[in-house]
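I would like the atomic coordinates for the input below:
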Amino acid sequence: MTTPAFPKLLSSQIAYDIARTILDGFDKHYRLFRDTSSLGKRHFEASDWILLQQTARERIGFYDHRVHECVQLLEDDYAPEDLSDHVWREVKLHYIGLLTDHKQPELAETFFNSVCCNILHRTYFNNDFIFVRPAVSTEYLEPDEPTPVYRVYYPGGDGLRATLKRILTNLQLACPFADLDRDVALVEQRMLDQHGDAPLEPNHQIQVLASLFYRNKGAYLVGKRINGNRDYPFVVPILHDDNGALYLDTVLCDRAQITVMFSFTRAYFLVDMEVPSAYVRFLRTLMPNKPRSELYTILGLQKQGKACFYRDFLHHLRYSSDRIDIAPGIRGLVMTVFTLPSFPYVFKAIKDVIPAPKDTTRALVKEKYLLVKNHDRVGRMADTLEYSNVAFPRARFSETLLAELKAVAPSIVEEDRDQIIIRHLYIERRMMPLNLWLTNADRTNDEAALEHGVIEYGNAIKELVAANIFPGDMLYKNFGVTGHGRVVFYDYDEIEYITDCNFRAIPEPRNEEEEMASEPWYHVGRNDVFPEQFARFLLGNPRVRRAFMQHHADLLTPQYWQAKKERILAGYVEDVFPYPQSVRFHQYRKPASAAPAARAA
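Residues are numbered from 1 along each chain as shown. Model (predicted):
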């Protein structure tokens, strides 16, 4: 590689070499990221659901591995005395120059920040050394590849149905469709029903993203129909039937349903993107209220999502004045939870000492949260953003919160002049705790809201079971209700795999003493679970009990849990749809459900 001539202000060869090394590290990361994302198509075509989920899970760790590699390389090649403040300032300037015409500049800047923060001490994180704000614009970036970001179709000539068929045919999936003409007719009718009979304008067109979105057992075509000054978003899920043929399961035209499909409670998509910012820009036209941070995250670019989120948080702090305080609700034994009322998220810090009856440690709690990060969340577990060394303005902290943190988590709290530094915390979307939802519904005699909460609670449990997750602590306070009315689990310190649990019936007492005993008279192993006992702490309210027994009485039987466990052990991947059953075209037809090991063979 030819070394360029350096202008007067950029005279350090070391600075240029470091910048080049960091960018090479990022380019390697994104090349591997794209190679892995492109496997989604192959695994979907082969109906290899386990391998598709495993690929998505393994990809999550790519970023940290590449950052560690780059840090190790720099530390091996350069002595600390070579890395002066002047050199680091020049590194950043060289790096900006290297990002000219780069297709992922925003991701490369975040990678640069990660490398710097792993090498430099926290006191040196400042505007001169890292990208506090983006330095390179992502507007109007276009791919170099022949494949565009999105394709445009004009139904004016052949009509909407023929155009939709051409869109699906152009995907060039290796599997045949069972009956594409029938399915396309259903999509056309649904679109016309949703969009009404508005006259077709001269600009009538359909735009679809060039890459399909793969997750679990589905592939999703994402696009929008444009007519005049109106945009009509749509998502078409493509599934396999039991014979391996493809069919269109529905078309989602409702923005709320599309937003739920891209929720922070779901696993990340596998999408092959040369210009990710262009995909985010397109998706925001479909979901204008969803922040960029969540869109980057759901595309598998969770580190970029974290960077965008933190910039949004800093901006919010600048233009708000309320105090950061302890979150309302029942205090937890494991976490201290605090919030900024005007900001729709909560901050969770693990306590130094976790009292009985909890039997866990900080390290074990972090393992549980990592398990959730890497697992399929099936729309029922909140994704968490994990941060280190987060600086908050001291003036915005309530004295009550600061005293609480110093009392229960002193090892992670540091006062640094006008800042409070939290060395480790999790950030989650704020939700209404389910126990408060049910209490409010009961107090106001809102039977519909109470029944909805109970039904959603049971559905959340059953979908977690389908994903091989046992919540552990099933109390209502550990579940929240989202803005879309969905119940989501968010307390992970007792989470276990279903396959690691032993679901047992309570043995019949052999005599009167055993029957009257206040403690279990039978042996209880560490992972033994007795579903019959759930009623004791869940169903004290008669109204809640009535709704629960009507809709989810099976959750109180060990047979239900054991049957699900055996199905998981047999290799089945259950169907958990990211949209309501009521909108499906083919409710009578079951998607492919054969054991994935057999299908892969």
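
which ones are touching residue 89?
128, 129 (CB atoms under 8 Å, 6 or more residues apart in numbering). (Each C-beta comes from the backbone N, C-alpha and C, glycine too.)

And for residue 41?
Applying CB under 8 Å, 6+ apart as the definition, the contact partners of residue 41 turn out to be 173, 212, 214, 219, 272.

What's the separation between it and residue 178?
The span separating residue 41 from residue 178 equals 19 Å under the rule CB to CB, to the nearest Å.

Check residue 95 too.
Here the distance between residue 95 and residue 178 works out to 51 Å (CB to CB).

Also residue 29?
Between residue 29 and residue 178 the distance, using CB to CB, works out to 39 Å.

Compare neighbour counts for the two and give me the winner.
Between residue 29 and residue 178, counted using other CB atoms under 10 Å, residue 29 has the larger neighbour count: 23 against 17.

Please read off the pLDDT at the nearest residue to residue 226 once chain neighbours are set aside from the model.
Distances taken as CB to CB, 6 or more residues apart in numbering place residue 205 nearest to residue 226, at 5.1 Å, with adjacent residues excluded. Confidence at residue 205, expressed as pLDDT, is 95.

next one: residue 141
Taken from the predicted model, the pLDDT recorded for residue 141 is 91.

What does the closest residue in space to it that isn't next to it in sequence show for phi and psi?
If you skip the residues right next to it in sequence, residue 141 has residue 275 as its closest partner in space, 4.9 Å away by CB to CB, 6+ apart. When read as degrees, to the nearest 10, the backbone of residue 275 gives phi -120, psi 90.

before we move on, what about the one 10 residues further on?
Main-chain torsions, residue 285, degrees, to the nearest 10: phi -70, psi -20.

That one: neighbouring residues, count only.
For residue 285, the number of neighbouring residues by other CB under 10 Å comes to 12.

Look up how far residue 224 lies from it.
Counting by CB to CB, the gap from residue 285 to residue 224 is 7 Å.

next one: residue 488
Counting by CB to CB - residue 488 and residue 224 are separated by 28 Å.

for residue 405, same thing?
Between residue 405 and residue 224 the distance is 46 Å, computed by CB to CB.

Over to residue 40?
Summarising the geometry, the distance separating residue 40 from residue 224, computed by CB to CB, is 22 Å.

Apart from its chain neighbours, what residue comes closest to the most centrally placed residue in the chain?
Taking CA atoms, centre = their mean as the criterion, residue 264 is the residue nearest the geometric centre of the chain, at 4.2 Å. With CB to CB, 6+ apart as the criterion, residue 264 has its nearest non-adjacent residue at 4.7 Å, and that residue is residue 383.

I'd guessed residue 482 sits against residue 489; true?
No: under the contact definition of CB atoms under 8 Å, residue 482 does not touch residue 489, with a separation of 11.5 Å.

who's more crowded, those two?
Comparing residue 482 with residue 489 by other CB under 10 Å, the one with more neighbours is residue 489, at 26 against 19.

Give me the phi and psi for the residue nearest to the centre of the chain.
phi -70, psi 0.

so what's it up against?
Applying CB under 8 Å, 6+ apart to residue 264 gives the contacts 294, 297, 298, 382, 383, 429.

Can you flag which of the residues you listed belong to helices?
With helices taken from DSSP state H, the overlap with the contacts of residue 264 comprises 294, 297, 298.

now the helices for the stretch 251-400 of the chain?
Listed in chain order, the helices of the stretch 251-400 of the chain (DSSP state H, counting those that start in this stretch) span residues 255-261, 276-286, 292-298, 302-318, 362-374, 399-408.

Rebuild those as JSON lines, extending it with distance to residue 425 and mean pLDDT.
What follows is the helices of the stretch 251-400 of the chain, written out as JSON lines (distance: least, CB to CB, whole Å; pLDDT from 0 to 100):
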{"stretch": "helix 255-261", "distance to residue 425": "27", "mean pLDDT": "95"}
{"stretch": "helix 276-286", "distance to residue 425": "26", "mean pLDDT": "97"}
{"stretch": "helix 292-298", "distance to residue 425": "17", "mean pLDDT": "96"}
{"stretch": "helix 302-318", "distance to residue 425": "12", "mean pLDDT": "95"}
{"stretch": "helix 362-374", "distance to residue 425": "11", "mean pLDDT": "93"}
{"stretch": "helix 399-408", "distance to residue 425": "10", "mean pLDDT": "95"}
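
If I look at residue 84, what pLDDT would I see?
Reading off the confidence values, residue 84 has pLDDT 79.

brain fart, residue 106
Per the predicted model, pLDDT is 97 at residue 106.

From residue 310, how far out is it?
13 Å.

what about these two, which has more around it?
More neighbours sit around residue 106 than around the other of residue 106 and residue 310, counting by other CB under 10 Å; the figures are 25 against 16.

which ones are touching the more buried one?
134, 136, 138, 277, 304.

Can you flag the buried ones in the residues you listed?
For these, a burial check counting by 16 or more other CB atoms under 10 Å picks out 136, 138, 277, 304.

Which of these sits closest to residue 84?
When the buried ones among the contacts of residue 106 are compared for distance to residue 84 (CB to CB), residue 136 comes out closest, at 25.2 Å.

Doesn't the closest one belong to a strand?
No: under DSSP: H, G, I helix; E, B strand; the rest coil, residue 136 sits outside any strand and is assigned coil.

Surely it is in contact with residue 97?
No: with contact taken as CB under 8 Å, residue 136 and residue 97 are classed as non-touching, separated by 9.9 Å.

neighbouring contacts of the strand or helix carrying residue 566?
Using DSSP states H and E, residue 566 falls within helix 558-569. By CB under 8 Å, 6+ apart, the residues outside helix 558-569 that reach it are 465-466, 468, 498-499, 501, 503-505, 529-532, 554-555, 574.

again, only this time at 7 Å
Residues outside helix 558-569 that contact it (CB atoms under 7 Å, 6 or more residues apart in numbering): 465, 468, 498, 499, 503, 504, 505, 531, 554.

Check the burial of residue 85 by counting its neighbours.
Residue 85 sits with 12 neighbouring residues when counted by other CB under 10 Å.

and what of residue 537?
Using other CB under 10 Å as the criterion, the residues surrounding residue 537 number 11.

Just confirm it is within a helix.
Yes: counting by three-state DSSP, residue 537 falls inside a helix.

Please name the nearest non-neighbouring residue to it.
Nearest residue to residue 537, sequence neighbours excluded (CB to CB, 6+ apart): residue 475, at 6.6 Å.

Quick check: that neighbour vs residue 438, distance?
Separation of residue 475 from residue 438 (CB to CB) stands at 11 Å.

So between these two, which is more surrounded?
residue 438 (21 against 15).

and that one, how far is that from residue 341?
Distance, residue 438 to residue 341, by CB to CB: 23 Å.

Would you verify that residue 76 is located in a helix?
Yes: assessed by three-state DSSP, residue 76 belongs to a helix.

Of the helices of the stretch 251-400 of the chain, which is nearest residue 53?
With CB to CB, the closest approach to residue 53 among those belongs to helix 362-374: 10.1 Å.

Residue 300: how many residues sit nearby?
As a burial measure, residue 300 scores 25 neighbours (other CB under 10 Å).

Do I have it right that it meets residue 269?
Yes: in this structure, residue 300 is within contact of residue 269 by CB atoms under 7 Å, at 6.4 Å.

how is this structure carved up into domains?
Here the domain parsing of the chain from automatic domain parsing is 13-124, 150-316, 322-430, 433-569.

Ok, which of these comes nearest residue 586?
domain 150-316 (6.4 Å).

element containing residue 462?
Under the assignment given by DSSP H and E, the secondary-structure element containing residue 462 is helix 447-466.

Which parts of that helix count as buried, going by neighbours?
449-466.

repeat for stretch 503-521
Buried residues in stretch 503-521 (16+ other CB under 10 Å): 503, 504.
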